[in-house]
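S.K.: I'd like to go over a predicted model; first the sequence, then the structure.
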Amino acid sequence: MRRRTVTALAGLLPLILSTALSTSPAAADAAGSRAVPLTELTVVSEQVASGLRRPVAITGLPDGRMLIAEKDGTVRSYHPDTGLAADPVLDLTARIEATDNERGLLGITPAPDFTRTGMLYVSYTSKPAGELTLARLPLGAPDRLQVLLTQPHADYGNHNGGQVAFGREGYLYWSTGDGGYANDPYKSGQDLGTLLGKIVRIDVSRACGTKPYCVPASNPFVRTPGARPEIWVYGLRNPWRFSLDPADNSLWIGDVGQGLVEEIDHIRPWQGGANLGWSCREGSPVFDPEQCKPGVRYVDPVFEYEHYMTEGCSVTGGVVYRGSVTPEARGTYIASDYCNTLAYAVRPTAAGGYETATIGTFPTQPTAFGTDVHGELYVLSDYPGWLNKVRFARVPAADN
């Protein structure tokens, strides 16, 4: 049985956690431009496509299309004018180990110069042993796939992470889980010598030595003996979905908890090297005291919720809304949970804290959020195979 010392958590939702972070330009913009409190907003979902096979990742292209990764290794294209294309635009099934529930094609994002190159970056679990793999290839050309970085992950099928995204500075970020099973069996979260339980940041615009990428000199552990220099932040359990806010390049992470707490973390650009706590902590409660080291600073979640209070099971990290259709919601981070489907809204305040609210629900089994070229929001539903467009509506103050 695992050992756990649980600190008291608030019994009411939403749970607001104070932080000592200073206000970013994005927070000031959000605070200055909003017309209503979060509690006066609600989400409204419209199904725009169906027939997808376990859609798990979504990204927007400059030409208005949305690319949707299906777990088995196929990629489908959706355009609001023409709908969901019947045939995949990319098929990687021959490369991908997808037999376990959490293995498969896990992430997809276009290169910053996609309009010129057509290059995509993908993450997946590869055959035969489920190795975590980061690769790139031109859209529609699977024979030209180039593997960039791998991490062994053979023993257990769960906790693969898998999100990929480019930051505003042009670096590629990739998330990995802690190795699987439960209780952090390899103690990966606090181990800087492995890529498991981390978010990686690399420069894919050039090669260094035998590697098809370079490690940015500003990465926090480039001069730390025994540490993997690719690591940007650590102490994660299963960061299934993260995103980067285009306004300030801050990192928003939905880290899946074990059985007590689901958490959302917000890492500013100057917080490279942040330790998010796993498996010393699960969210803010202590999980395994033996993994807690004296003098180590752990970064608190900005939002967390308990399973038994919400019937949640697995946080689905989302995105910061930067669209123009609903100015009142601009600067708001939106996330959900695979089981309870609640719409969690988190927004930095000008005072340096966070405003949070639950603002409705999403369709069943939300697996990923994405935005189109205009910054408007979409969400995927797993087994139903749905794509839904999300908009915001006003709730009269008297109804709150």
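M.R.: Done, it's in.

S.K.: what is the burial count for the closest residue in space to residue 214 that isn't next to it in sequence?
M.R.: With Cβ to Cβ, 6 or more residues apart in numbering as the measure, residue 208 is the residue that lies nearest to residue 214, at 3.9 Å, once sequence neighbours are left out. Bear in mind the C-beta positions are built from the backbone N, C-alpha and C, glycine included. A count of neighbours around residue 208, defined by other Cβ atoms under 10 Å, yields 11.

S.K.: again, but for residue 371
M.R.: Residue 371 sits with 22 neighbouring residues when counted by other Cβ under 10 Å.

S.K.: and if you look at the one 4 residues further on?
M.R.: Residue 375 is surrounded by 16 other residues when neighbours are defined as other Cβ under 10 Å.

S.K.: now do residue 124
M.R.: Neighbours of residue 124 under the rule other Cβ under 10 Å: 27.

S.K.: distance of it from residue 106?
M.R.: Relative to residue 106, residue 124 is positioned 6 Å away (Cβ to Cβ, to the nearest Å).

S.K.: enumerate the beta-bridge partners assigned to the residue nearest to residue 214.
M.R.: According to DSSP bridges, the partner residues bridging residue 208 are residue 211.

S.K.: would you check that residue 64 makes contact with residue 115?
M.R.: No: contact criterion Cβ atoms under 8 Å: residue 64 and residue 115 do not qualify, at 12.0 Å.

S.K.: okay, these two: which has more neighbours?
M.R.: The residue with the greater number of neighbours, taking residue 64 and residue 115 and applying other Cβ under 10 Å, is residue 64; the counts read 14 against 11.

S.K.: list the contacts for that one?
M.R.: 79, 80, 81, 372, 373 (Cβ atoms under 8 Å, 6 or more residues apart in numbering).

S.K.: same check, this time on residue 291
M.R.: Taking Cβ under 8 Å, 6+ apart as the criterion, residue 291 is in contact with 184, 187, 189, 190, 279, 280.

S.K.: burial measure for the first one, as a count.
M.R.: The local packing of residue 184 (other Cβ under 10 Å) involves 26 other residues.

S.K.: which residue, other than its chain neighbours, is closest to it?
M.R.: Here the nearest residue to residue 184 in space, its sequence neighbours aside, is residue 279; by Cβ to Cβ, 6+ apart that works out to 3.6 Å.

S.K.: ok, the one you found to residue 196 distance?
M.R.: From residue 279 over to residue 196 the distance is 12 Å, taken as Cβ to Cβ.

S.K.: overlap in contacts of these two?
M.R.: Here residue 279 and residue 196 have residue 178 as joint contacts, going by Cβ under 8 Å, 6+ apart.
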